[in-house]
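**Q** pasting the structure only:
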């Protein structure tokens, strides 16, 4: 995964079957409007990172915040995952 492909929640849409089949544009490409995760609106995680001016949650000055596990319930290891990505991201800057 390339760091510029990291989504707000720390995922990477490249290789996703729904994206490859044209069923989803991808979080970055759709500016967070992805029905798979956000239903009819903008993904709350994507909106939050944009409000904070960061690429993804792991590099936010408020990380880890109290909203994180509520917004990303599908990944029980989200804090460790984002912390690891943030270390890699900072090493490349």
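**A** Alright, I've got the coordinates. Keep in mind it's a predicted model, so treat the numbers as computed, not measured. Numbering: from 1, shown residues only.
**Q** Now do the end-to-end distance for stretch 73-83.
**A** 17 Å (C-alpha to C-alpha, to the nearest Å).
**Q** Other residues contacting it?
**A** Residues from elsewhere that reach stretch 73-83, judged by C-beta atoms under 8 Å, 6 or more residues apart in numbering: 9-10, 56-58, 63-64, 68-69, 72. (Each C-beta comes from the backbone N, C-alpha and C, glycine too.)
**Q** which of the residues you listed are buried?
**A** 9-10, 56-58, 63, 68, 72 (16 or more other C-beta atoms under 10 Å).
**Q** Out of those, which is nearest to residue 48?
**A** When these are ranked by distance to residue 48 (C-beta to C-beta), residue 57 comes first, at 7.6 Å.
**Q** Chain neighbours aside, what residue packs nearest to the closest one?
**A** Nearest non-adjacent residue to residue 57, counting by C-beta to C-beta, 6 or more residues apart in numbering: residue 82, 5.1 Å away.
**Q** Over to the one you found. Which of the three states is it?
**A** Put simply, residue 82 is helix when judged by DSSP: H, G, I helix; E, B strand; the rest coil.
**Q** any idea which helix or strand carries residue 45?
**A** Using DSSP states H and E, residue 45 maps to helix 44-51.
**Q** just checking, what packs against that helix?
**A** helix 35-38, helix 68-71 (3 or more C-beta pairs under 8 Å, 6 or more residues apart in numbering; DSSP states H and E).
**Q** Residue 15 versus the residue of the chain positioned farthest from its centre, what's the distance?
**A** For the chain, the residue at maximal distance from the C-alpha centroid (C-alpha atoms, centre = their mean) is residue 21, at 20.6 Å. Going from residue 21 to residue 15 by C-beta to C-beta, to the nearest Å gives 12 Å.
**Q** Now tell me which helix or strand of this protein has the poorest mean pLDDT.
**A** helix 35-38 (a mean of 74; mean pLDDT, DSSP states H and E).
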